[in-house]
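Undergrad: Structure here, sequence nowhere to be found:
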């Protein structure tokens, strides 16, 4: 009589042994002969599917972890480059009324001119408020790229926060900058009221000396 009988299997690789097909499942079926032929039946279970899904899941998790770490490393490197590229200059004082002289000087030097570009390099410092230029000065740059100078707050400046911008140029006639500095602020204060002159004092009357008559 034809029939199928279950046989347990613990092998990981499928193979044929006698009339039993064993595979990466928990159950294989034994084929009973039917006439001059045998019917071989293999019935997989969900264990193999689950193992395959787990293996692919582990690979995907490793790939995602690698991508995240690579992106984080790239972010750190770009951030480091950006931070290192910041150019700064000093200005003092931080506030003052119209007529104040602001001293400016480089912290980051201007870069040297590219080969073939004529100089000499210069720096322009601009004091502006509300998008309107209040004052500016053009300063020479030494051989090391350093510079310093001053500009005066004009009498027309009104109280409020103004900005100081500095730019390096390869020459006084150059149109493009070679370095842009980080912006600084300067607060224009009100002119101090002049003290009123003291009130004139009334002279103290001096009594006349008595006359003697003889």
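TA: Here it is on my side, so go on. Source: prediction; values computed, not measured.

Undergrad: Could you check the pLDDT of residue 114?
TA: For residue 114, the model assigns a pLDDT of 84.

Undergrad: so what's it closest to, chain neighbours aside?
TA: The shortest distance from residue 114 to any residue that is not its chain neighbour, by C-beta to C-beta, 6 or more residues apart in numbering, is 7.5 Å, and that residue is residue 170. Where you see a C-beta, it was placed from the backbone N, CA and C, and this is true even at glycine.

Undergrad: Surely the one you found and residue 123 touch.
TA: No. Contact status for residue 170 versus residue 123: not in contact, 11.2 Å apart, counting by C-beta atoms under 8 Å.

Undergrad: okay, the two: which has more neighbours?
TA: Comparing residue 170 with residue 123 by other C-beta atoms under 10 Å, the one with more neighbours is residue 123, at 26 against 22.

Undergrad: Where does the prediction get shaky in this protein?
TA: When the per-residue scores of the chain are filtered using pLDDT under 70, the ranges that remain are 1-54, 56, 68, 70-85, 208-214.

Undergrad: any chance you could map the helices in it?
TA: Taking DSSP state H to define them, one finds helices in the chain at 46-84.

Undergrad: wait, what's in contact with residue 168?
TA: Residue 168 sits next to 110, 111, 121, 122, 123, 141, 177, 178, 179, 180, 181 when contact means C-beta atoms under 8 Å, 6 or more residues apart in numbering.

Undergrad: how near is it to residue 200?
TA: Taking C-beta to C-beta, to the nearest Å as the measure, residue 168 falls 58 Å from residue 200.

Undergrad: ok, now residue 133?
TA: 46 Å.

Undergrad: got it, and residue 181?
TA: Counting by C-beta to C-beta, the gap from residue 181 to residue 200 is 54 Å.

Undergrad: So between those two, which is more surrounded?
TA: residue 181 (22 against 6).

Undergrad: How many neighbouring residues does residue 151 have?
TA: Other residues near residue 151 number 22, with proximity taken as other C-beta under 10 Å.

Undergrad: Please name the nearest non-neighbouring residue to residue 88.
TA: The spatially closest residue to residue 88, leaving aside those adjacent along the chain, is residue 107, at 4.5 Å (C-beta to C-beta, 6+ apart).

Undergrad: mind listing what the one you found touches?
TA: Residue 107 makes contact with 87, 88, 89, 90 under the criterion C-beta under 8 Å, 6+ apart.

Undergrad: want to try CSV for those, with neighbour count and distance to residue 147 as columns?
TA: Below are these laid out as CSV (neighbours: other C-beta atoms under 10 Å; distance: C-beta to C-beta, whole Å):
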residue, neighbour count, distance to residue 147
87, 17, 12
88, 11, 13
89, 20, 8
90, 11, 11
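
Undergrad: What about residue 122, how many residues nearby?
TA: Residue 122 has 19 neighbouring residues, counting by other C-beta under 10 Å.

Undergrad: Pretty sure it sits against residue 136.
TA: No. Under the criterion of C-beta under 8 Å, residue 122 makes no contact with residue 136, lying 11.9 Å away.
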